[in-house]
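**Q** from the sequence below, what's the structure:
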Amino acid sequence: MTTGGADATARLISRLASRGLTVAVAESLTGGALAAELTRPAGASAVVLGGVVVYATELKHTLVGVDAALLAEHGPVHPEVARQLARGVRERLAVGGRAADIGIATTGVAGPDGQGGQAPGTVFLGLSYGETTEAMPLALTGDRATIRVQTVTVATQLLVERFAAE
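**A** Sure thing, here's the model as predicted:
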């Protein structure tokens with residue numbers, strides 16, 4: 001992700017590495033694109049522990065630990081699902097018994113059709129760090145590819161703002 005001539009993702013990775021912080025990623029609608037963006041810069045191996053693509057709803061529960069009753073009641077496109085994905089991936093991708101410092105997650109509808117009563121462009125980002133876990137709702141527009149790219153861009157910007165701001 002290049003912003004104003006500076007590579008924001010490379011700056012993020014550098015800042016996280018200098019602070020000794022690690023990241024784990026859980027993705028649904030982005031299908032691995034966020035993990036690909038975070039591992040693009042040199043030095044990413046010191047920061048990015050890994051990622052899991054949980055495209056199928058059931059895998060959100062079995063691989064990352066999202067509450068099955070929540071998924072049954074609200075479906076995969078819900079702010080609490082995003083929070084649980086972000087929190088769960090930190091623990092599930094622990095290395096050497098140490099959980100990731102930061103968990104980031106994407107869930108939503110890229111389109112072209114809606115899903116579970118949610119319109120294309122309805123996206124939730126989950127972010128978990130320390131004792132804080134939150135969800136950010138996004139209302140994106142465009143075709144399927146555009147919504148997926150926008151989701152990766154916003155998620156990366158969120159990480160930059162929270163962990164690599166100047």
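**Q** what about I13, which helix or strand?
**A** helix 8-19 (DSSP states H and E).
**Q** so for that helix, mean pLDDT?
**A** For helix 8-19, the mean per-residue pLDDT is 96.
**Q** now do the following helix or strand past that helix: everything it contacts.
**A** Per DSSP H and E, the first helix or strand lying C-terminal to helix 8-19 is strand 23-27. If you take Cβ atoms under 8 Å, 6 or more residues apart in numbering as the criterion, strand 23-27 is touched by 16, 33-35, 38, 47-54, 60, 64, 85-86, 88-90, 92-93, 100-106, 126, 159. Every residue, glycine included, has its C-beta placed from N, CA and C.
**Q** quick one on the thing from earlier: contacts for the helix holding I13 next, please.
**A** For helix 8-19, contacts defined as Cβ under 8 Å, 6+ apart pick out 1-2, 22-23, 37-38, 40-44, 46-48, 102, 156-157, 159-160, 163-164.
**Q** the same query, at a cut-off of 10 Å, please.
**A** 1-3, 7, 21-23, 37-48, 101-102, 152-153, 156-157, 159-166 (Cβ atoms under 10 Å, 6 or more residues apart in numbering).
**Q** could you turn the buried ones of the residues you listed into a PyMOL selection?
**A** Those of these that count as buried under 16 or more other Cβ atoms under 10 Å are selected in PyMOL with:
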select buried, resi 1+21+22+23+37+38+39+41+44+47+48+101+102+152+153+156+159+160+163+164
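**Q** narrow the contacts of helix 8-19 to those in helices?
**A** Among the contacts of helix 8-19, the members falling in helices are E37, L38, T39, V152, T153, T156, Q157, L159, V160, E161, R162, F163 (criterion: DSSP state H).
**Q** can you check the pLDDT for the fifth one?
**A** Residue-level confidence at T153 comes out at 97, pLDDT.
**Q** swap in the second one?
**A** What the model reports for L38 is a pLDDT of 98.
**Q** and it, what does it touch?
**A** 1, 9, 12-13, 16, 23, 25, 44, 47-48, 51, 104, 152, 155-156, 159.
**Q** any quick PyMOL command for the buried ones out of the contacts of strand 23-27?
**A** In PyMOL syntax, the buried subset of the contacts of strand 23-27 is picked out as below (16+ other Cβ under 10 Å):
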select buried, resi 16+33+34+35+38+47+48+49+51+52+53+54+60+64+85+86+88+89+90+92+93+100+101+102+103+104+105+106+126+159
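**Q** now, the contacts of strand 23-27 that are in strands?
**A** Counted as lying in strands by DSSP state E, out of those, are V48, L49, G50, G51, V52, V53, I102, G103, I104, A105, T106, G126.
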